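Undergrad: need the 3D shape of this:
(one chain, ligands or ions: 2)
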Amino acid sequence: MKIAVIGYGAIGRFLIEQLDAVPDFEIAAVYSVPAPPDRAERVVDDLDALLATRPDLVVECAGHRALSECGEAVLRSGVDLLVVSVGALADPALEQQLRTAARHGGRLLIAAGALSGLDALSTAREAGLDSVSYVGKKAPAAWTNTPAEDMVDLTSITSAVTFLECDARTAALRFPQNANVVAAIALAGLGFERTQVSLVVDPASNGNNHSFVARGAFGEIAMTTRSATLPANPKTSMLAPYSLVQTIKKHAGLIIV
Ligand SMILES: NC(=O)C1=CN([C@@H]2O[C@H](COP(=O)(O)OP(=O)(O)OC[C@H]3O[C@@H](n4cnc5c(N)ncnc54)[C@H](OP(=O)(O)O)[C@@H]3O)[C@@H](O)[C@H]2O)C=CC1
Ligand SMILES: O=C([O-])CC(=O)C(=O)O
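TA: Ligands and ions are numbered 1, 2, ... in the order given. As a prediction, this is how the structure comes out:
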């Protein structure tokens, strides 16, 4: 299976290292802006060059802007696109654009990313959901260079602070590097407006903590994930690239669990 990767940051590098170890997978091309100085042999300068390698699957791990710049073209070329920056779909115009492109081309595959329990949430949606609420808790370092800095003093807090309570659309759009899981929950469950979100900074946290509770006539699902972060990015859970690896293996598999 030939795979092309958009993004060569913390997730991209980790993912490529994992996939390089699997003989069935070939990384055909990597596209990143700006071009990384290392691994020059697989790096291409633009999306056309990436698609010219005729990949079976394109994986996006480059952020909201990259998905909005590249997503439609990848899908229209007929290739499936696996995305981790799912929060970009909180922009209704982009969601519509990608849904339309997927109708005529490749499929849009949304990774669970750092979150566990998305499969259970999708199952519960079939049974009928009344409410879905999510709490995301990260250490102060994960919230630097985000709007959280205007809501709470990250340098002086001594205990956990909930700095934002809002719907999933607001959270995903305001925190493009921290609230993609919220968009995945919204898309699997009750949608962007009906998913309640709380964002928390916790100086005692030594990783990322994602919890959601979904209720309906079926009963209740309560899911909590605590993940270490990637050494290259304190915002990003180690589970995020592994969710891409798992989805790719599933995509290529003959027996799907
Ligand atoms: N669903 C989930 O659970 C999660 C989703 N994410 C999403 O994944 C994204 C990547 O995460 P992570 O790897 O940790 O972040 P990094 O910032 O480490 O890596 C992103 C990489 O993409 C590059 N890039 C930026 N813009 C473009 C573009 N337009 N086209 C191609 N490449 C581009 C960046 O280059 P440069 O550094 O020069 O800007 C950087 O190398 C996050 O921004 C977030 O949206 C992250 C964590 C979890
Ligand atoms: O990596 C994580 O823990 C989740 C994350 O940043 C996101 O959802 O954008």
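
Undergrad: what does this structure have sitting close to ligand 2?
TA: When proximity is defined as C-beta under 6 Å from any ligand atom, the chain approaches ligand 2 at 113, 114, 177, 178, 179, 180, 181, 208, 235, 236, 237, 240. C-beta coordinates here come from the backbone N, C-alpha and C atoms, glycine included.

Undergrad: ok so the fourth one is a strand residue?
TA: I take that to be residue 178. No - under DSSP: H, G, I helix; E, B strand; the rest coil, residue 178 falls outside any strand and is assigned coil.

Undergrad: list the contacts for it?
TA: 136, 138, 142, 143, 146, 199, 235 (C-beta atoms under 8 Å, 6 or more residues apart in numbering).

Undergrad: and the helices in the stretch 151-257 of the chain?
TA: Using DSSP state H, counting those that start in this stretch, the helices of the stretch 151-257 of the chain run over 168-174, 180-188, 239-252.

Undergrad: kindly reformat those as a markdown table containing mean neighbour count and mean pLDDT.
TA: Formatted as a markdown table, the helices of the stretch 151-257 of the chain follow (neighbours: other C-beta atoms under 10 Å; pLDDT from 0 to 100):
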| stretch | mean neighbour count | mean pLDDT |
| --- | --- | --- |
| helix 168-174 | 23 | 98 |
| helix 180-188 | 27 | 98 |
| helix 239-252 | 20 | 96 |
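
Undergrad: nearest to residue 120, out of the ones you listed?
TA: helix 180-188 (9.2 Å; C-beta to C-beta).

Undergrad: compute the inter-axis angle for the closest one and helix 239-252.
TA: Orientation check (axes from the mean of the first three to the mean of the last three C-alpha atoms, to 10 degrees): helix 180-188 against helix 239-252 gives 40 degrees.

Undergrad: and helix 180-188, what other elements does it pack with?
TA: helix 118-127, strand 131-138, helix 168-174, strand 195-201 (3 or more C-beta pairs under 8 Å, 6 or more residues apart in numbering; DSSP states H and E).

Undergrad: possible to save the ones you listed as JSON lines with distance to ligand 1?
TA: Listed next are these as JSON lines, based on distance: least, C-beta to the nearest ligand atom, whole Å:
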{"stretch": "helix 118-127", "distance to ligand 1": "10"}
{"stretch": "strand 131-138", "distance to ligand 1": "10"}
{"stretch": "helix 168-174", "distance to ligand 1": "10"}
{"stretch": "strand 195-201", "distance to ligand 1": "14"}
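
Undergrad: which one of these lies closest to residue 230?
TA: strand 131-138 (12.9 Å).

Undergrad: shouldn't residue 237 be in contact with residue 112?
TA: No - at 10.9 Å, residue 237 does not count as touching residue 112 under the criterion of C-beta atoms under 8 Å.

Undergrad: return the distance of the closest residue to residue 24 other than its chain neighbours relative to residue 245.
TA: Counting by C-beta to C-beta, 6 or more residues apart in numbering, residue 24 lies nearest to residue 1, which is 6.1 Å off, once chain neighbours are set aside. Residue 1 sits 12 Å away from residue 245, going by C-beta to C-beta, to the nearest Å.

Undergrad: what does residue 150 give?
TA: 36 Å.

Undergrad: ditto for residue 33
TA: Separation of residue 33 from residue 245 (C-beta to C-beta): 23 Å.

Undergrad: same check on residue 174?
TA: 29 Å.

Undergrad: the stretch 1-150 of the chain: strands as residue ranges?
TA: Ranges of strands within the stretch 1-150 of the chain are 2-6, 26-31, 43-44, 57-60, 80-83, 108-110, 131-138, based on DSSP state E, counting those that start in this stretch.

Undergrad: most packed of those strands?
TA: strand 57-60 (a mean of 28; mean count of other C-beta atoms under 10 Å).

Undergrad: who does that one pair up with?
TA: Partners of strand 57-60 in the sheet, by DSSP bridges, are strand 2-6 (parallel), strand 80-83 (parallel).
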